[in-house]
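Colleague: mind folding the following:
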Amino acid sequence: TWCLPAHNGMGVGNADALPDMDDYVLDLYQSETGALLAEIYYLFKDKFDEYSKNINKRLVKNLMDRGITPFNTNTEYWWMGFNAKEDDIINNWNPWITSNVLFVSLVLKEGSTIQKAAVVLDEYVKRNPKDGGCDEGPTYWFQAGVKLIEAASYMKYATGIDVTKDEMLKNCAEFNLKAN
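Modeller: Next up, the predicted model:
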């Protein structure tokens, strides 16, 4: 698994100490690793094919199995916000993971995540402080506000719909400047 051991028990129905290879937990590092490998795939897929057709095949399968599929098929990850109460705050995991999954989706030309990503990000935006801050402080702003802006730019690329002018995103972009 690419998931941190401490996050493994957060899988849907997974309480075992060892990762369930049929139920990948989509956490921060699963998504970060996926984004990094998607970038490597994008840059070197032609070279990989010259060496072996199985490298790209394995990369794509792992990116789908460990990122795209868990994102698309699960609604029970707490960070998605679907089961949150109206006044609950959804932390930086939401834009952080969603942005990484969107990047993988765009690299693989796998459009199935776009609509769900919009709904997941909306759960974050409607619960995020209006000043654009992060509940974990300015040092985590990069993994909250910046990842939200990054995800919005991926959404614009994928759909042509520009939400980057939204007041909330403007506040996210300016938050650290105003906080310091």
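Colleague: helices of the protein, start to end?
Modeller: Listed in chain order, the helices of the chain (DSSP state H) span 28-51, 53-63, 69-73, 93-108, 114-127, 145-159, 167-179.
Colleague: save these as CSV, and put in mean neighbour count and mean pLDDT too.
Modeller: (C-beta placed from N, C-alpha, C; glycine too.) Formatted as CSV, the helices of the chain follow (neighbours: other CB atoms under 10 Å; pLDDT from 0 to 100):
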stretch, mean neighbour count, mean pLDDT
helix 28-51, 16, 97
helix 53-63, 15, 97
helix 69-73, 18, 95
helix 93-108, 25, 96
helix 114-127, 18, 92
helix 145-159, 20, 92
helix 167-179, 15, 83
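Colleague: quick one, which of the ones you listed is nearest to P138?
Modeller: helix 167-179 (4.9 Å; CB to CB).
Colleague: ok, and what's touching stretch 87-95?
Modeller: 27-28, 79-81, 84, 120-121, 123-124, 127-129, 134-136, 140, 143-145, 147-148, 150-151 (CB atoms under 8 Å, 6 or more residues apart in numbering).
Colleague: returning to that earlier point: which among the helices of the chain is found nearest to D20?
Modeller: The nearest among those, by CB to CB, is helix 69-73 at 11.4 Å.
Colleague: show me what that closest one is packed against.
Modeller: helix 93-108, helix 114-127 (3 or more CB pairs under 8 Å, 6 or more residues apart in numbering; DSSP states H and E).
Colleague: distance to D65 for those helices - can I get that in JSON lines?
Modeller: As requested, the helices and strands packed on helix 69-73 are exported to JSON lines (distance: least, CB to CB, whole Å):
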{"stretch": "helix 93-108", "distance to D65": "11"}
{"stretch": "helix 114-127", "distance to D65": "17"}
